[in-house]
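A.B. asks: what shape does this take:
(chains A and B)
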Number of protein chains: 2
Amino acid sequence: MDNRPIGVFDSGFGGLTIAKELMNQLTNEKIVYFGDTARIPYGSKSKETIIKYSAQIIRFLQTKDVKAIVIACGTASALALEAVREQFDLPIIGVVEPAAMSAVEETRNNRIGIIGTDGTIASKSYEQVIYKQTTDIEVFSTACPLFVPLVEEGWLEDEVTIEVAKRYLSVLQDREIDTLILGCTHYPLLAKVIGQIMGDVTLINPANETAAVLQKLLDTSKLKHEIQVPTHEFYVSDCANKFETFAKIILGKEKLPVQQIHIENY
Amino acid sequence: MDNRPIGVFDSGFGGLTIAKELMNQLTNEKIVYFGDTARIPYGSKSKETIIKYSAQIIRFLQTKDVKAIVIACGTASALALEAVREQFDLPIIGVVEPAAMSAVEETRNNRIGIIGTDGTIASKSYEQVIYKQTTDIEVFSTACPLFVPLVEEGWLEDEVTIEVAKRYLSVLQDREIDTLILGCTHYPLLAKVIGQIMGDVTLINPANETAAVLQKLLDTSKLKHEIQVPTHEFYVSDCANKFETFAKIILGKEKLPVQQIHIENY
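C.D. replies: Prediction:
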């Protein structure tokens, strides 16, 4: 038994879709969540900067005595996972590996699509994981830079969002993919629109797969928490009130204390 | 005569629309530009954070021995100008005052509209400047959070942009404004779309007015540069290559060296 919390971080509130799934699947575990709301979005930033930000956040989460880290951000998982695994001596998992491996399992016609931010798509991280498993699969990817600001505007099923999604997804539609990875934690909030446009395609939401991988890690490493009703903690680098509003909606909580910290000091 | 350069900064490349106008109107002056590309966008961040970022940038620009600062960012002008004027002992001008005063001069029916980021609109900064001049004017404002990401996507005259603009501007259309302040440095790049939707309304581009105010400041403070062909300098906090591409287009230059620095160290 190890009763320390799990550290979870994202560029903002998108990673709460991951945190929620962790809370559902690992009911005894306490989560310390950090949203980097001062420096959001990560999708357009360079690899060097994303590694620096991720390391600062992990150092902050270590002050909360976490036993493991979940990078609940597609861009940071794609660009920084390898570098921070080398820097830090604790288990770190990202969302790329679990989602990519699940897509490989799901596809029947061996044609997988990936959507994500500019940074994630340019990194080819999903492709790397997929091609490590098998080279029999064809992968088609495209960046959707406006999806994050559209989600943040709250236009989840809006006609503008539908038009933008049609535009971005058109390059995938004639590729006959049967599986599509939602490679950014904001994108599951657009799953309805994306599903309607893509039709008979399995959407891979990294949240489910990431929670399963964490569960396995805690089992095999004897890091599981004993039975408890955990009190999760939430920290941000800016705009605590706005974050709290979103977090209450996503997590379905009435009370949810969010504290603002100076992430640059870590 | 004072041959030191002018420091100009923005959250990214949007402020280059201001820098370009300064280069056109103040041909002898050397400009040192900083674009905070690692921490863009500023529009959704808190006042406290914008003040901290602005102070860091001014400290960096002081290492380049600047004689005056132009805050070429609507949000930072709206939220941080007063605070940094108190902190630093050099002339600092923003884009809010010049644009607001120009709108007061331009309006014939005393009905002015303002569009900007969430932060700028919530700050009521334009209203404060306008009401200092006269209380006979009615002001109507609305935030347009998707305009910056649409400009960054390059969809300047796209049908999606037109639809988003129609949506945002509809609240201003039945207000009978005759003057509209483009309260964010990205927005002049959407002037064509905005103008078509708003019809017979004068659009105030802060760039022209800000350059005129700086000219006056240099004249009265004896800070003018002697005749020269200036070599401007460009610094960013991330993605120097991407910035360079945009900057070459906006400024119409073939060569333009951009250097990346660690802004958090200032």
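
A.B. asks: next up, phi/psi of the residue of the stretch 151-266 of chain A found nearest chain B, please.
C.D. replies: Of all residues in the stretch 151-266 of chain A, A:D238 sits closest to chain B, with a separation of 4.9 Å (C-beta to the nearest C-beta). Every residue, glycine included, has its C-beta placed from N, CA and C. As for A:D238, its main-chain torsions (degrees, to the nearest 10) stand at phi -170, psi 160.

A.B. asks: give me the neighbour count for it.
C.D. replies: A:D238 has 23 neighbouring residues, counting by other C-beta atoms under 10 Å in any protein chain shown.

A.B. asks: so it sits right up against A:G35, yeah?
C.D. replies: No: in this structure A:D238 lies outside contact range of A:G35 using C-beta atoms under 8 Å: 9.0 Å.

A.B. asks: list the contacts of the residue of the stretch 151-266 of chain A closest to chain B.
C.D. replies: By C-beta atoms under 8 Å, 6 or more residues apart in numbering or on different chains, the contact set of A:D238 is A:T37, A:A38, A:Q260, B:K45, B:S46, B:T49.

A.B. asks: alpha carbons of stretch A:186-194, as CSV, please.
C.D. replies: What follows is stretch A:186-194 as a C-alpha-only set of coordinates in CSV (Å, rounded to 0.1, in the frame of the first residue of the first chain):
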residue,chain,number,x,y,z
HIS,A,186,-10.2,18.9,-25.2
TYR,A,187,-11.5,16.8,-28.1
PRO,A,188,-13.7,14.3,-26.3
LEU,A,189,-15.9,17.4,-25.5
LEU,A,190,-16.5,17.6,-29.3
ALA,A,191,-17.1,13.8,-29.7
LYS,A,192,-20.7,14.2,-30.8
VAL,A,193,-19.8,16.6,-33.7
ILE,A,194,-16.8,14.5,-34.7
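
A.B. asks: what mean pLDDT does that stretch have?
C.D. replies: Confidence over stretch A:186-194, taken as the mean pLDDT, stands at 95.

A.B. asks: do it and chain B meet?
C.D. replies: No: with C-beta under 8 Å from any C-beta of the partner chain as the threshold, stretch A:186-194 lies outside contact range of chain B, at a closest distance of 12.7 Å.

A.B. asks: for that stretch, buried residues please.
C.D. replies: With burial defined by 16 or more other C-beta atoms under 10 Å in any protein chain shown, the residues of stretch A:186-194 counted as buried are A:H186, A:Y187, A:P188, A:L189, A:L190, A:V193, A:I194.

A.B. asks: list just the nearest of these to B:Y126.
C.D. replies: Out of those, the one with the shortest distance to B:Y126 is A:H186. That distance is 31.2 Å, counting by C-beta to C-beta.

A.B. asks: excluding its backbone neighbours, what's nearest the closest one?
C.D. replies: Excluding its sequence neighbours, the residue lying closest to A:H186 (C-beta to C-beta, 6 or more residues apart in numbering or on different chains) is A:G14, at 4.0 Å.

A.B. asks: just to be sure, that neighbour is in a helix?
C.D. replies: No: applying DSSP: H, G, I helix; E, B strand; the rest coil, one finds A:G14 to be coil, outside a helix.

A.B. asks: mind listing what it touches?
C.D. replies: A:A72, A:C73, A:V148, A:V151, A:C184, A:T185, A:H186, A:L189.

A.B. asks: which of the residues you listed fall within helices?
C.D. replies: Among the contacts of A:G14, the residues falling in helices (DSSP state H) are A:V148, A:V151.

A.B. asks: any chance of the contacts of A:G14 in TSV, plus distance to B:L26?
C.D. replies: Shown next, in TSV, are these (distance: C-beta to C-beta, whole Å):
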residue	distance to B:L26
A:A72	48
A:C73	43
A:V148	38
A:V151	42
A:C184	43
A:T185	46
A:H186	43
A:L189	47
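
A.B. asks: quick one: buried ones out of the contacts of A:G14?
C.D. replies: For those, buried by 16+ other C-beta under 10 Å: A:A72, A:C73, A:V148, A:V151, A:C184, A:T185, A:H186, A:L189.

A.B. asks: count residues in the vicinity of the residue nearest to A:F13 when sequence neighbours are not counted, would you?
C.D. replies: Counting by C-beta to C-beta, 6+ apart, the nearest residue to A:F13 once its immediate chain neighbours are dropped is A:F246, at 4.4 Å. A total of 20 residues lie near A:F246 under the criterion other C-beta under 10 Å.

A.B. asks: how about residues contacting stretch A:87-95?
C.D. replies: A:18, A:55, A:58, A:62, A:66-74, A:76-78, A:81, A:84-85, A:185, A:206-207, A:209-210, A:213-214, A:217, A:221, A:223.

A.B. asks: quick one, domains of chain A?
C.D. replies: Following automatic domain parsing, chain A resolves into domains at A:6-94+A:208-265, A:96-205.

A.B. asks: mind putting those in a markdown table, distance to B:S123 included?
C.D. replies: A markdown table is the format used below for those (distance: least, C-beta to C-beta, whole Å):
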| stretch | distance to B:S123 |
| --- | --- |
| domain A:6-94+A:208-265 | 14 |
| domain A:96-205 | 19 |
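
A.B. asks: and of the ones you listed, who's closest to B:V129?
C.D. replies: Comparing the domains of chain A against B:V129 with C-beta to C-beta, the closest turns out to be domain A:6-94+A:208-265 (25.3 Å).
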